[in-house]
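1. sequence and predicted structure, then a few things I'm wondering about:
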Amino acid sequence: MSAVVQKAFPAMGTVHTLTVEGEQALSAAEAIKSQILAMDRNWSVFREDSEISLLNRGARIRPDEDTLRILKESVRLSEETDGAFDVTAGQLTSLWRQAMRDERIPDAREIAEALRHTGARGIRFSGRSVKLGRGQSVDLGGIAKGYALDRAAALLREAGAAHALLNLGGTIGAIGRPVPIGIRNPFDPDGEPIGTLILDNRCAVTSGSYERFARIGNQSVHHIIDPRTGYPADSGLVSVTLVGTDATALDAFATAAFILGPFCAMPFLRRHGIDAIFIKSDGKVLKTEGLSDTFRLRADAHPA
């Protein structure tokens with residue numbers, strides 16, 4: 001008999017919600033939760049004993065299979081985006097995180113020092129072991145949820161799930177029936193959607209500057225740092241939502257697309273058959289042709 005199971009739990013600094021339908025719904029949902037919590041333990045930079053923390057302290061580690069895979073994917077995706085996505089920007093993100101708490105702009109020397117230790121090519125693989133370049137620091141925050149979503153979707157398909165909706169802190173995947181989801185309006189303080197997207201056996205990932213930012217003097221500083229310049233991205237965008245079937249790539253590409261802007265991001269998005277919704281700082285909304293039938297703006301939103 002088919003069952004519907006709903007589950008919510010904290011991981012990766014956010015809340016994950018699962019809705020799974022099928023004969024094996026309960027066991028599949030439990031397996032997904034266990035899998036994601038294991039990833040969280042291995043990848044958290046806030047746990048001293050995590051694999052990523054050991055790596056960041058200069059150790060050569062022999063990580064589990066998921067950690068090895070995500071690090072290799074991170075290097076590949078960094079190369080494909082010409083460094084706009086880079087998991088070794090840990091020093092930069094830490095620098096700006098502290099600066100935002102202290103309400104100050106880092107000086108040029110601090111940024112130059114952090115940039116000196118940024119570059120995914122510094123990650124060295126030898127068989128199943130991994131080591132970072134001197135002074136490097138990895139942060140998987142820009143790819144972890146996408147990878148976890150792909151692994152969860154694979155598990156659900158193996159279990160024969162009839163339908164599922166997975167929301168890993170805004171990284172969303174639908175299996176089975178089409179599902180409508182709201183795309184947040186970054187200009188609405190109440191978080192109302194700017195439009196509705198129908199997800200049909202695809203994933204959606206959003207990267208935006210509206211959730212974490214600080215007012216420093218007369219500047220508004222957000223958390224998405226361009227690892228090529230060392231400063232917050234300034235592409236004229238406030239939000240990017242990408243739609244496709246590979247959530248790992250979508251997660252990384254969403255960050256890169258936000259940093260690069262629509263014109264520079266479209267070549268690699270087209271190469272991978274990825275659709276996009278770009279929301280610009282002037283309120284204009286741009287979408288790719290592949291979303292003409294599946295994304296609708298609210299009547300009172302800015303015209304596309």
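-> Alright, I've got the coordinates. These figures come from a predicted structure and were not determined experimentally. Residues are numbered from 1 along each chain as shown.

2. next structured bit after the longest helix along the chain?
-> Of all segments of type helix in the chain, defined using DSSP state H, the longest is helix 25-43. Note on helix 25-43: by DSSP states H and E, the next helix or strand toward the C-terminus is helix 51-56.

3. contacts for that following helix, please.
-> Contact partners of helix 51-56, identified using CB atoms under 8 Å, 6 or more residues apart in numbering, comprise 42-45, 47, 61, 63-64, 67, 90, 130-132, 136-140. Yep, even glycine has a C-beta here, placed from its N, CA and C like the rest.

4. check which residues of stretch 242-253 are buried.
-> Counting neighbours by 16 or more other CB atoms under 10 Å, one finds that the buried residues in stretch 242-253 are 242-244, 246-253.

5. now do stretch 284-292
-> By 16+ other CB under 10 Å, the buried positions in stretch 284-292 come out as 285, 287-288, 291.

6. and these, which two are the farthest apart?
-> Taking every pair in the buried residues of stretch 284-292 and measuring CB to CB, the maximum separation is 11.7 Å, between Val285 and Thr288.

7. overlap in contacts, the two.
-> Jointly contacting Val285 and Thr288 under the rule CB under 8 Å, 6+ apart are Ile277.

8. contacting residues around the longest helix of the chain?
-> Judged by CB under 8 Å, 6+ apart, the contacts made with helix 25-43 from elsewhere in the structure are 2-5, 7, 9, 11-12, 16, 18, 20, 22, 47, 50-52, 63-64, 66-67, 70, 140, 144, 147-148, 151-152, 155-156, 159, 161, 166, 168.

9. among the residues you listed, name the buried ones.
-> Among the contacts of helix 25-43, those that count as buried by neighbour count (16+ other CB under 10 Å) are 5, 11-12, 16, 18, 20, 22, 50-52, 63, 66-67, 70, 140, 144, 147-148, 151-152, 155-156, 159, 161, 166, 168.

10. which ones among these lie within strands?
-> Members of the buried ones among the contacts of helix 25-43 lying in strands (criterion: DSSP state E): 5, 11, 16, 18, 20, 22, 166, 168.

11. helix, strand, or coil at the residue nearest to Ser74 when sequence neighbours are not counted?
-> Of all residues beyond its chain neighbours, the one nearest Ser74 is Val87 (4.3 Å), with distances taken as CB to CB, 6 or more residues apart in numbering. Secondary structure for Val87, judged by DSSP: H, G, I helix; E, B strand; the rest coil, is coil.

12. measure Val87 to Ala59 for me?
-> Between Val87 and Ala59 the distance, using CB to CB, to the nearest Å, works out to 17 Å.

13. buried residues in the longest helix of the chain?
-> In terms of neighbour count (16+ other CB under 10 Å), helix 25-43 has its buried residues at 25, 28-29, 31-33, 36, 39-40, 42-43.

14. now tabulate those residues in a markdown table and tack on pLDDT and distance to Gly208.
-> Output for the buried residues of helix 25-43, formatted as a markdown table (pLDDT from 0 to 100; distance: CB to CB, whole Å):
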| residue | pLDDT | distance to Gly208 |
| --- | --- | --- |
| Ala25 | 93 | 32 |
| Ala28 | 95 | 31 |
| Ala29 | 96 | 28 |
| Ala31 | 97 | 31 |
| Ile32 | 97 | 26 |
| Lys33 | 97 | 27 |
| Ile36 | 98 | 23 |
| Met39 | 98 | 23 |
| Asp40 | 97 | 23 |
| Asn42 | 97 | 27 |
| Trp43 | 97 | 22 |
